[in-house]
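J.: Predicted coordinates and the sequence they were generated for:
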Amino acid sequence: MKGIAHFISGVAVATFFPQAVQAAAQDLSFILVLGGIGGILPDTLDFKLARYFEHVDYSIDPDPAAPNPQAMAETLARAMDQAFEGGPVTVQLHTMKLGADLWRQYRVLFDTEAGEVIVRIGPLVTTAQVPYPGSEPVEPAEGRAPVSAPMRPTYDAEVVVDIFSGPSLTFQRRGDAVDIIFLPWHRRWSHSLTLALALGLLGALFSPLHGLVLGLGALVHILEDQLGYMGSNLFFPLTRRRVPGLKLLHSGDALPNFLTVWLSLVLIVFNLDRFSDAPLLQPLPYFLITLLVPWTLILGASWMLGRKRAPRTPEAIAVSEVLEEAAEIE
């Protein structure tokens, strides 16, 4: 989910503790904000810290004026063969920037049936990932290279590279195949139950309440991300592999983000009222008015609009999964 959704979710969790609400009201404490900090901290650690410690073995930085898809495909195939014979190999895929709002798109496809890695040069796009009609290469711009070992994509078989810094991939042998790990630095130790516990212990140095608020704020973020596609490394350091997500939503989808923010605000207002000296809200009519009625209308309208809109492709989803998160942190 986007940063604002994670932040407000953490604040909502903090309001479930009457002592925190009273401290915020009477002592002007920032303890409710501490829950929001815990809610956004896992992504902040990734995008501001973990990504810069990634070791890259191969860097694919194509010339925007004359990209060579065959050389790019051969580099990826060589990296995968090397990973099968030895240890993990990480490849950074750089973007091709042509102007302030102009990029050349390319796609990397791991064809598991044919045993090939394919690189296709695509159209020019804006920073909003809107392609310019007729900007595709005149000649077929495609490169293919065979891979010796079977390939196993762990996220998506096709990766789109177009704007900002571009994704990285790690190839790692597991059994008789090579795993293709999308964004190896993301949602690892920073999205583990271990980190939530560590943050709770850190906050507890001030008080048990601070520990609960900070730790639970991070835990809510981790559980929200687990509803998506990428998943998280929940059990670090016992394992270095991500637990697959439930595939119920995508981090960039507008509706889940909006509903999460709405629900969080509804809970914040309710908790602030019920822990006040003179509560005014009645639970049943309050939640009926704030949740059931508007959510029914919103979900109905979304369903109607969704019928008229073309579905998003898996590769577009794969890219937006990280770009939507990064946009809130950068």
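T.: Sure thing, it's come through. Computed from a prediction, not measured in an experiment: that's the story for all the values here.
J.: quick check: domain ranges of the protein?
T.: Domain assignment of the chain by automatic domain parsing yields the ranges 3-51+189-329, 55-182.
J.: In TSV: those domains, plus mean neighbour count.
T.: The way it works is simple: take the backbone N, C-alpha and C, and place the C-beta from them, glycine included. TSV is the format used below for those (neighbours: other Cβ atoms under 10 Å):
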stretch	mean neighbour count
domain 3-51+189-329	17
domain 55-182	17
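J.: Which of the ones you listed comes out lowest on mean pLDDT?
T.: Note on the domains of the chain: lowest mean pLDDT is at domain 3-51+189-329, with a mean of 88.
J.: Longest helix in this structure, by number of residues?
T.: Ordering each helix of the chain by length in residues (DSSP state H) puts helix 254-274 first.
J.: Check the offset of the helix or strand just after that helix from the chain's centre.
T.: Counting by DSSP states H and E, the next helix or strand C-terminal to helix 254-274 is helix 283-287. Mean-position distance between helix 283-287 and its chain equals 34 Å (Cα atoms, centre = their mean, to the nearest Å).
J.: which residues make contact with helix 283-287 from outside it?
T.: With Cβ atoms under 8 Å, 6 or more residues apart in numbering as the test, helix 283-287 has contacts from 266, 270.
J.: Work out the sheet partners of the helix or strand in which residue 106 is found and label each with its direction, please.
T.: Element membership for residue 106 (DSSP H and E) is strand 102-111. When pairs are called by DSSP bridges, strand 102-111 turns out to pair with strand 96-99 (antiparallel), strand 116-125 (antiparallel), strand 158-161 (antiparallel).
J.: I'd like these as TSV, with distance to residue 207 appended.
T.: Shown next, in TSV, are these (distance: least, Cβ to Cβ, whole Å):
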stretch	distance to residue 207
strand 96-99	49
strand 116-125	50
strand 158-161	46
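J.: quick one, which of those strands is nearest to residue 244?
T.: The closest of those to residue 244 is strand 158-161. By Cβ to Cβ, the value is 17.7 Å.
J.: who touches the nearest residue to residue 68 once chain neighbours are set aside in this structure?
T.: Excluding the flanking residues, the one nearest residue 68 by Cβ to Cβ, 6 or more residues apart in numbering is residue 62, at 6.7 Å. Listed by Cβ under 8 Å, 6+ apart, the contact set of residue 62 reads 68, 72, 94, 96, 106.
J.: my guess is the first one contacts residue 143, does it?
T.: It refers to residue 68. Yes. Using Cβ atoms under 8 Å, residue 68 is in contact with residue 143, at 7.3 Å.
J.: Which stretches in this structure count as strands?
T.: 58-60, 89-93, 96-99, 102-111, 116-125, 142-146, 151-153, 158-161, 168-174, 177-182 (DSSP state E).
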